[in-house]
Every structure is written in structure tokens, then in C-alpha cells.
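**Q** Structure, please.
(one chain, ligands or ions: 2)
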Amino acid sequence: MSNDVTVVILAAGQGTRMKSRMAKVLHRAGGRALVEHAIFAALGVAPPERIFVVVGHQADAVREVAEAAGVHTFEQKEQLGTGHAMMCGEAALAGLGGHMVVTVGDCPLIRAETLQSLVERQRKSAAAAVVLTADVADSTGYGRIIRDQNGAIEAIVEHKAATDAQRKVKEINSGIYCFDSAEFWRHIRMVRPDNPANEYYLTDVIGILNGAGLRVAATKIADPGELLGINDRVQLAEADRILRDRKTRQLMLSGVTIEKPETVSIDLDVRIGMDTVIGPFARITGDTVIGEDCKVGTCAILHDAVLENGAEVFPFSMVSASKVGAGAHVGPYARLRMGAELGEGAHVGNFVELKKTLLGAGSKSMHLAYLGDSQIGSKVNVGAGTITCNYDGKKKHATVIGDGVFVGSNSTLVAPLALEDGAFIAAGSVITDDVPEGALALGRARQVVKKDWKRKET
Ligand code: UD1
Ligand code: CA
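**A** Numbers count the residues shown, from 1 in each chain. Ligands and ions are numbered 1, 2, ... in the order given. Model (predicted):
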């Protein structure tokens, strides 16, 4: 990455074909907004303080995403074309000098390496502009690359403005360029909206530079697949599939086993350690971090989850914004949410839900329980059917359970409540008062047995 490279990301358009109330660049693929993909690629060639996103439609929402990534924005209030979008940034950009890459916010497959090679080409050739082009079978809608008899690039002609002969050209403009910044700002003001769309076309600057006797070069992209532009939700789904496919391949090559990878859905920001095994149909999203030697079962759903080394999440379990300690087990059919945490070697079994609850090291809750707003110590056994009654209709209350406590099956623990170390709760109890260390608490009606009982005759 160099300090003489600036990147401008065009992202002010609405994207009418998305048929959405949300700006196109905010739609997500691979777990990131489209504009975030452009920012990630840009960060591979320029420092964040030299990256600028042009905002327009839903400017505030797009600006928020850009600022969260640490890059700058400038606003294009009215969308009068890609050339006009650049003109709106003159005050911020013209003084920076060096190389200026212009790219778009709706091509999420573009790699940093591709932008890098464009910059290198401009650096070596000393051209005023280098255009990234591609040969495509169907060039409908794209700007066409017009070359002279010697093969040098003369101009870019937009589809709407092209003659029949020009429309036959298969080499298209990707919409991605690297300019010599000084030459760009010297010539952009000559762009006029004299075309059928009455727009200021950024592409016109290529012909203008050429006309001024400056060198313009073109470089063909190695993989035209990277240029997939998102205009509708079918293309969004296609980009999502490709991004996730790249992610699973990269994980497998780094030592993660993924069974039936085509069925698994993993966000780009997820991290997974070596020798972890991911089962079919798992969905792993957000900022999830999974350690080494873990297992994630079939159809498990993890979002913003942390799994420490050797943790196992069995099939059909959900873990969101929660942590599973080293060697701990979850599920099958369990749910951890909102800051639940399992200590080392803790086990949670089927149909158990934990919310804002810490289950200490080696503790177990194997069947049918709800544990909410609770602090549970180590080596505790929580019997089947235990419920922490944490809500009185107005407020949430805490349950504190010490080390080595035994909670019998079908216990109802009415919070606020404390069960001190070693306490023993008899099965079927309703516990409303604190239980001191080592004590046995029973809170249920005593069984009555009537010997030789006979049903009344009616
Ligand atoms: C553009 C190119 C075309 C190229 C194609 C590649 C121009 C004039 N044409 O056409 O040669 O083949 O990309 O996909 O540049 N935007 C703004 N402000 C505006 C208009 C657009 O920020 O006023 C942004 C859009 O949000 C989008 C990008 O610029 O991210 C490209 O605009 P779009 O309207 O999609 O251009 P194309 O017609 O596809
Ligand atoms: Ca486009």
C-alpha cells in the first residue's frame, strides 16, 4: 500500500432496479454492505485517510457505514452523472496529487489485487489514465472502448451515445480507472452534459485527455467475473454465493474441514481455527470467532459467537452474541443468546435456553431448562425442567448459584434468589427464599399415600 494513492468510490446512485427503499450500496452480500466490499478492496491500495466514498441517496446511512470503516465521504446532492460525482469532490481531492483510483460501490467482487495492478500499470506507464477493461460476450449497456488503427485507446462511448458500429465492440469499460491526479483535475472541468441522458459522463474525460495529447492506457482484467455489477436482487444473490464460496475455499485451504461446503453459509468476517469441522447447512455470521479443534454441527446457527478451542455446538443449535468456553458442549437443539457464556467444559443439552447467564466450568444443564439473568458457579448440576423465574411482569431479577450446587429436576427458582455453595434443591421445588451453604431446600407439597383406597361409588 502506498501513500501516493487516493481511491474514490462512486456510491451516490439509488439503484432503482433493486426495487427497494434502501440505497443499493447498503444491500448486503457475504455479510457486508456492498459499499463495504469496495472499501475493503480500496484499503488494499490506499490508507483510510485517502479513501473517499461519494454519497447521495440515503447519504447519512451510507456515510455511517463509511465512517465506521474509517474512510472519508463527500456528498453529491443531485445525481447528474459519474463525472459530476467526481466534480463534487474537487475541494477534498484535487490537492492530494499522486495516483487516483476511481471505482464503484456496486461491484463487490473486485479484489484489492486488481486495483493494485491498475495502480502499478499507471505508475510504470506514466499514462494520464489507465482504464480497466474487459472483453464480454454481451456488451449491452456498457461504455465501449474505442481504439485507433494502432490499437491505442481514443475514447469511451456510452451505450446510449454509441453508433451501431461502436455497439458491436466487445471490449467494455469496467467503470474502474487510475488517473494521474493533476491531469485529471486539469481536464475534468471540460466534461459537458451533451449526450442523450444530459449527464456529466466521467468516461468523457478519457477522450479529453487523449485529445490533449496525453497518453491513455487500458489494461484488461484477468478475471472478468470480478466485474459482476449489482443492479437487481438476482445479481445480489449471485454475488453473495460467489463471496461465500471464496470464503469457504479460503477456510478449507487454511485447515478447516467443511462438509458439503456448497450448503454452508459463512460471512466474510468470520474467523475459524485449524482442524475445526463445520457440518452441512451450518450458518455462521457476523463477527463470530471459532477456535481450533471445534465442531459445529449440521444446521447450527452462530451469530457474533465465540467458540474457544475444542468447543462443540451440536446440530440445530443457535448461539448468538454468546461465548462457549474451551471444550464446552451445546445442544443439539439448544439456544444461547444475549451474552450467555459457558465456562470450560460446561455442557448444555437439548431444549435448554440461556440468556445473559454464565454457566461455570464443568457445570451441566442437560435437558429442558430456561436459565436467564443468572450467575452459576462451577460443577453445578441443573436438573431437567429447571426454570429461573427472572421476570415479575415489570422487572428482570438475578439468580446467583454457587459452586457445586445440585438443582433437582423441575425446580422453579423465583428470582431474586441466591443458592449458596453446595446447596441441594429437592426435585419439583418452588424456591422463593435464599438457600445457605450446604443446606437442603424442599419447596413442594408432601406426598400423601392412602392405603387400600377405593373410588367412591356414584
Ligand atoms: C458506467 C460507465 C460505463 C461502464 C459501466 C460499468 C459512465 C458514464 N459510464 O455506466 O462506461 O461500462 O459504468 O459498470 O460512467 N453514480 C454516482 N453519481 C451519479 C451517477 C452514478 O455516484 O450521478 C455512481 C453509482 O452509484 C454507481 C456508479 O456511479 O455506483 C456507476 O453509475 P451507473 O449509473 O451504474 O453507471 P453505468 O450506466 O453502469
Ligand atoms: Ca452500473
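
**Q** C-alpha from now on. contacts and neighbour counts both.
**A** Will do.

**Q** Walk me through the domains of this structure.
**A** Domains of the chain are assigned by automatic domain parsing as 5-227, 248-441.

**Q** which one of those is the most hemmed in?
**A** For the domains of the chain, the largest average neighbour count (mean count of other Cα atoms under 10 Å) is found in domain 248-441, namely a mean of 21.

**Q** Residues of the stretch 151-300 of the chain that sit close to ligand 1?
**A** Glu158, Ile172, Asn173, Ser174, Gly175, Tyr201, Leu202, Thr203 (Cα under 6 Å from any ligand atom).

**Q** for the residues you listed, which one is nearest His27?
**A** If you rank those by distance to His27 using Cα to Cα, Gly175 comes first, at 20.0 Å.

**Q** Now the closest one. Nearest residue, chain neighbours left out?
**A** Thr103 (6.4 Å; Cα to Cα, 6 or more residues apart in numbering).

**Q** who's the one you found bridged to?
**A** Ile9 (DSSP bridges).

**Q** just to revisit the earlier point, got JSON lines for the domains of the chain, with mean pLDDT too?
**A** Shown next, in JSON lines, are the domains of the chain (pLDDT from 0 to 100):
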{"stretch": "domain 5-227", "mean pLDDT": "96"}
{"stretch": "domain 248-441", "mean pLDDT": "98"}
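
**Q** quick one, what contacts Gly89?
**A** Taking Cα atoms under 8 Å, 6 or more residues apart in numbering, we find Gly89 in contact with Val54, Phe74, Glu75.

**Q** What's the first helix or strand after whichever strand or helix holds the second one?
**A** Spelled out, that is Phe74. Assigned by DSSP states H and E, Phe74 belongs to strand 72-75. Where DSSP H and E defines the elements, the next helix or strand beyond strand 72-75 is helix 82-87.

**Q** chain center to that following helix, what's the gap?
**A** Computed by Cα atoms, centre = their mean, to the nearest Å, the chain-centroid distance of helix 82-87 equals 29 Å.

**Q** for the stretch 51-200 of the chain, what spans make up the strands?
**A** Along the stretch 51-200 of the chain, counting by DSSP state E, counting those that start in this stretch, strands occupy 51-55, 72-75, 99-104, 129-135, 144-147, 153-157, 171-180.

**Q** okay, those strands in CSV with distance to Arg444 next?
**A** Output for the strands of the stretch 51-200 of the chain, formatted as CSV (distance: least, Cα to Cα, whole Å):
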stretch, distance to Arg444
strand 51-55, 65
strand 72-75, 65
strand 99-104, 68
strand 129-135, 77
strand 144-147, 83
strand 153-157, 84
strand 171-180, 74
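
**Q** The protein: helices as residue ranges?
**A** Remark: helices assigned in the chain by DSSP state H are 34-43, 59-68, 82-87, 90-93, 112-125, 164-167, 181-187, 204-211, 233-253.

**Q** Dump the ones you listed to JSON lines, plus distance to Ala152.
**A** Putting the helices of the chain into JSON lines (distance: least, Cα to Cα, whole Å) gives the following:
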{"stretch": "helix 34-43", "distance to Ala152": "28"}
{"stretch": "helix 59-68", "distance to Ala152": "37"}
{"stretch": "helix 82-87", "distance to Ala152": "23"}
{"stretch": "helix 90-93", "distance to Ala152": "28"}
{"stretch": "helix 112-125", "distance to Ala152": "13"}
{"stretch": "helix 164-167", "distance to Ala152": "16"}
{"stretch": "helix 181-187", "distance to Ala152": "19"}
{"stretch": "helix 204-211", "distance to Ala152": "10"}
{"stretch": "helix 233-253", "distance to Ala152": "33"}
